[in-house]
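Enquirer: Give me a 3D structure for the following:
(one chain, ligands or ions: 1)
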Amino acid sequence: MSIRPTFDQALREYRKLRPEQTASPFPPECYESLTEVHQRVNDARTANGLPCIPICPKCGFWKGVRGYLRFPFPLGHPYFGFAIPCPLCNGRR
Ligand SMILES: [Zn+2]
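Expert: Purely as a prediction, here's the structure:
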């Protein structure tokens, strides 16, 4: 049974697979989709005169929620399918 990797472990492994991501502190494909969804919710709220709900800038989860990231590890990789805790909204700074 495998143990869920930490964000640092996942990032290290992911960079081995995607060397072009070495310069990026946060692989964008790991969090952009959720950020976009929540941004659309906030756009709709703004259009209706409602205040925006703060979003974690790293994982895109709502602030106050312990968010996670999904690294796109390929099927068969030991880290495939894990939800990796977001280092920003899970206490680590
Ligand atoms: Zn987060």
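
Enquirer: helix, strand or coil for Pro87?
Expert: coil (DSSP: H, G, I helix; E, B strand; the rest coil).

Enquirer: again with Asn42
Expert: Taking three-state DSSP, the label given to Asn42 is helix.

Enquirer: any idea of the pLDDT on it?
Expert: We have a pLDDT of 91 for Asn42.

Enquirer: How much space separates it from Pro57?
Expert: 13 Å (C-beta to C-beta, to the nearest Å). C-betas here are computed from N, CA, C, even on glycine.

Enquirer: ok so Asn90 is a strand residue?
Expert: No - counting by three-state DSSP, Asn90 falls outside a strand, being coil.

Enquirer: Which of Asn42 and Pro57 has more residues huddled nearby?
Expert: Asn42 (16 against 13; other C-beta atoms under 10 Å).

Enquirer: Hmm, that one is touching Cys52, no?
Expert: Yes - Asn42 is in contact with Cys52 according to C-beta atoms under 8 Å; the separation is 4.3 Å.

Enquirer: For this protein, which residues are neighbours of the ion?
Expert: Cys56, Lys58, Cys59, Gly67, Cys86, Leu88, Cys89 (C-beta under 5 Å from the ion).

Enquirer: would you list every one of the strands in this protein?
Expert: Using DSSP state E, the strands of the chain run over 68-69, 84-85.

Enquirer: From the contact counts, what lies against the first one?
Expert: Read that as strand 68-69. The elements that strand 68-69 packs onto, with contact taken as 3 or more C-beta pairs under 8 Å, 6 or more residues apart in numbering; DSSP states H and E, are strand 84-85.

Enquirer: Low-confidence ranges, this protein, go.
Expert: Across the chain, the ranges flagged by pLDDT under 70 are 1-2, 21-33, 91-93.

Enquirer: 50 instead?
Expert: 1, 93 (pLDDT under 50).

Enquirer: so where do the helices sit in it?
Expert: 7-17, 32-47 (DSSP state H).
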